[in-house]
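> only geometry, no sequence info:
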DNA sequence: GCCATCTTTGCAAGCGTGTGCAAAACTTTC
DNA sequence: GAAAGTTTTGCACACGCTTGCAAAGATGGC
């Protein structure tokens, strides 16, 4: 049998009321901002609450109001540097906004995103923020119909209803091309994963298109997940060929790191003398002096700020069109020649 | 005014009952494993639930039972590679155990761990897992008295009651010393942060003591947080001196990476020829070929497994003494000479 | 001192669920 | 077919909270 303390497990509003000599309503109102309580009773209640160690039961509160105060973060591979940073920033800001975050792991093994998103319904989450995996349309509908708000970050799916927030991948791709050209590179390549997420593909297509405008072909290599190892594998493909590239735009910093390591340690290439590299995300490791990667930085603060602003302001349910944010290029040392603002 | 659908926001068990032509209890029992329902009614209920899109309201369920199914993860700097990996593994395993994880960010800005831990009480979490920050004793008591279970990971504080899980830091330190000695190193140093967490200090003291047994002094340098930049700073201190070390045990892989980068790029040292390095955690980056760091690996799976096993089995509230896990040394390329199993 | 106005308070009805209890339905046995 | 036993079912209450409503109390103007 479960061993517990002798007294009741939790003190309830009733207990506090009794001790303070007021009604249950009074203590409820004391803890409800904007409710009508006299200063005197408030004091008495607070005192009793303090003494008894009372905490409002958010489960019960959430049952009455329609708001549970819970926001779900739906994310897979959350230990990826960029994802981890985003999760950290989101939880931090959500807490400041008086919300609490429920973390839903959608790593492949245990069912799909759908199962997870359905989980968010069980707890009557006020909102869900999806950092990865695209949910089934029906489930999304279900969530929206349940009054839940949905934010899609970097997933430019064609679903109607959610708040969509994306980067201007096309613009970044053009900036990358012109940076490479200015550095004197002519044999361009694009390193992608085989995942095929819309935003990853937007970078690839944007890069190919922008290069095309200058009459240049792009060698595209895709492999596996968007991780370090894939970067290495792609490097094997690219640098073993007859016409190895002298510039590679990597869809992601993690892949860029893998590609650079393989280029240096297995093919003896010097960066940026023999090879220029640009990445995407600006993860912490890109700033480490072994990489010093020139890369596009994710405006994490802006992403977080606008997401949460939309969640909290229950007004303006608008947001038909996705918010597009700019990802500026951070110049480090993987591109030769003079830098210019991109 | 908030725009909603015309129908009720959520369908309740009552709605399902009405449609299925049974009582509300029948619905409740259908969704309660082990309750007594005839196969026929179960079918009817499931059908109606499906049609209406019914989901058990976990908030209400949690109100009735004493279990909310919520487990809080209390963590700061969660985008650190090791922490992120742990959080990922924990959420994954918790979900498999039918729990859901609430992520509490205790980054310095908004209040201390205490505020966060109190937050876990608001939602009547079944348990809290603390990865960082040591809570006030009073709050811990409060949580325990409320029937909440607490797990402390890598925080060997002297609090009574929580389930404590630690690594055998002392043993690891001894292994590090002998690895350095076998590689012919004689001028040992320890790179630590200024944070002073028990487990970090245990590594330092263990290393100094073990070296002492061989009549060797250890230069100890401490600086800032346990991050990459601190590793660089510590390197400045260590390698600018008259007697620069030829072996450094870093309290953490992140610091090891910083130290190695500074050693190579600012002091022109070759690793492992001029300098041997050992780290701790075995983060992903340690495996990257730019570092190839020999390091102690955190048995994340074991940590997660034993934590959750303890949370779920409400029996055996035992666990007075902390669980000590072994952190094996992963041999890569930052120690010269022949490897031997440690 | 009296009435109108405003604030504070307690009552009671809900929110959506689990569950003990007794009645009802079904099954077995003789 | 009746008695005994087993399962299933519905009622009603509980969980801890919010909130509309009306009564009570405080305040002010005349």
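Sure, I can see it. Being a predicted model, the structure only gives us computed values, none of them experimental.

> hmm, the worst-scoring helix or strand of chain A on mean pLDDT touching DNA strand C?
Within chain A, judged by mean pLDDT, DSSP states H and E, the helix or strand with the poorest mean is helix A:137-145; its value is a mean of 77. No. With C-beta under 7 Å from any atom of the strand as the criterion, DNA strand C is not reached by helix A:137-145; the gap is at least 14.3 Å. C-betas here are computed from N, CA, C, even on glycine.

> buried set for that helix?
When neighbours are counted by 16 or more other C-beta atoms under 10 Å in any protein chain shown, the buried residues of helix A:137-145 are found to be A:139-140, A:142-144.

> Just list the residues touching residue A:143, thanks.
Contacts here follow C-beta atoms under 8 Å, 6 or more residues apart in numbering or on different chains; on that basis residue A:143 touches A:117, A:120-121, A:128, A:150.

> ditto for residue A:252
A:82, A:193, A:200, A:226, A:279-281.

> any idea how far the closest residue to it other than its chain neighbours lies from residue A:99?
Of all residues not flanking residue A:252 in the chain, residue A:226 sits nearest, at 4.9 Å (C-beta to C-beta, 6 or more residues apart in numbering or on different chains). Summarising the geometry, the distance separating residue A:226 from residue A:99, computed by C-beta to C-beta, to the nearest Å, is 29 Å.

> same question, residue A:191
Spatial separation of residue A:191 from residue A:99 under the definition C-beta to C-beta is 38 Å.

> for residue A:274, same thing?
Using C-beta to C-beta, one gets 50 Å for the distance from residue A:274 to residue A:99.

> between those two, who's got more neighbours?
For the pair residue A:274 and residue A:99, the greater number of neighbours falls to residue A:99 (22 against 15), based on other C-beta atoms under 10 Å in any protein chain shown.

> tell me the phi and psi of the more buried one?
Dihedral pair for residue A:99: phi -100, psi 170, per degrees, to the nearest 10.

> same deal with the one 4 residues further on?
Note on residue A:103: its backbone torsions stand at phi -100, psi 120 [degrees, to the nearest 10].

> what pairs with it across the strands?
Using DSSP bridges, the beta-bridge partners of residue A:103 come out as residue A:73, residue B:101.

> and it, what pLDDT?
Residue A:103 carries a pLDDT value of 95.

> Next: residue A:338.
67.

> Get me the contact residues on chain A for DNA strand D.
Where chain A comes near DNA strand D, counting by C-beta under 7 Å from any atom of the strand, the residues are A:8, A:10, A:12-14, A:24-25, A:28-29, A:31-32, A:35, A:54-57, A:60-61, A:63-65.

> Please list all residues in contact with residue A:105.
A:75-76, A:78, A:116, B:88, B:91-92, B:95, B:101.

> Apply 7 Å and report the result again.
Under the criterion of C-beta atoms under 7 Å, 6 or more residues apart in numbering or on different chains, the contact partners of residue A:105 comprise A:76, A:78, B:88, B:91-92, B:95.

> Make TSV out of these and add neighbour count and distance to DNA strand C.
Putting these into TSV (neighbours: other C-beta atoms under 10 Å in any protein chain shown; distance: C-beta to the nearest atom of the strand, whole Å) gives the following:
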residue	neighbour count	distance to DNA strand C
A:76	18	28
A:78	26	29
B:88	24	30
B:91	26	23
B:92	19	25
B:95	22	19
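
> hey, where'd the helices end up in the stretch 101-250 of chain A?
A:113-122, A:137-145, A:169-182, A:198-213, A:228-240 (DSSP state H, counting those that start in this stretch).

> weakest of the ones you listed by average pLDDT?
Lowest mean pLDDT within the helices of the stretch 101-250 of chain A: helix A:137-145, a mean of 77.

> where's it relative to the chain centroid, distance-wise?
21 Å (C-alpha atoms, centre = their mean, to the nearest Å).

> Next: stretch A:146-162.
Its chain's average C-alpha position is 13 Å from that of stretch A:146-162, according to C-alpha atoms, centre = their mean.

> per-residue confidence averaged over that stretch?
On average, the pLDDT along stretch A:146-162 is 82.

> Buried residues, that stretch. List them.
Of the residues in stretch A:146-162, those buried (16+ other C-beta under 10 Å) are A:146-157, A:159, A:161-162.

> Next: stretch A:193-213.
Buried-residue list, stretch A:193-213, by 16+ other C-beta under 10 Å: A:193, A:195, A:197, A:200-204, A:206-208, A:210-211.

> Any chance of the residues you listed in TSV with distance to residue A:332 as columns?
Supplementary listing: the buried residues of stretch A:193-213 in TSV, determined by distance: C-beta to C-beta, whole Å:
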residue	distance to residue A:332
A:193	23
A:195	26
A:197	25
A:200	22
A:201	26
A:202	24
A:203	19
A:204	23
A:206	22
A:207	19
A:208	24
A:210	21
A:211	22
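
> quick check, nearest of these to residue A:249?
The shortest separation between residue A:249 and any of these is 5.3 Å, and it belongs to residue A:207 (by C-beta to C-beta).

> burial count for the closest residue to residue A:36 other than its chain neighbours?
In space, and not counting its chain neighbours, residue A:36 is closest to residue A:29: 6.6 Å by C-beta to C-beta, 6+ apart. Taking other C-beta under 10 Å as the neighbour definition, residue A:29 ends up with a count of 18.

> Phi, psi for residue A:217 please.
The phi and psi values for residue A:217, taken as degrees, to the nearest 10, are phi -90, psi 150.

> so residue A:152 touches residue A:161, yeah?
No. With contact defined as C-beta atoms under 7 Å, residue A:152 and residue A:161 do not form a contacting pair (9.9 Å).

> so what sits against both of the two?
Between them, residue A:152 and residue A:161 have no joint contacts when contacts are counted by C-beta under 7 Å, 6+ apart.

> quick one on the thing from earlier: just curious, which of the buried residues of stretch A:146-162 is nearest to residue A:298?
Proximity to residue A:298 was ranked across those by C-beta to C-beta; first place goes to residue A:154, at 8.5 Å.

> Identify the residue spatially nearest to that closest one, adjacent ones excluded.
Once its chain neighbours are removed from consideration, residue A:154 has its nearest residue in residue A:199; the separation is 4.7 Å (C-beta to C-beta, 6+ apart).

> Now do that neighbour against residue B:189, distance only.
Applying C-beta to C-beta to residue A:199 and residue B:189 gives a distance of 45 Å.

> got it, and residue A:82?
With C-beta to C-beta as the criterion, residue A:82 and residue B:189 are 33 Å apart.

> Neighbour count: those two, which is higher?
Using other C-beta under 10 Å, the more surrounded residue of residue A:82 and residue B:189 is residue B:189, with 29 against 22.

> shouldn't the more buried one be in contact with residue B:248?
Yes. Assessed by C-beta under 7 Å, residue B:189 is found in contact with residue B:248 at 4.7 Å.

> shared neighbours of these two, anything?
Shared contacts of residue B:189 and residue B:248 (C-beta under 7 Å, 6+ apart): residue B:238.
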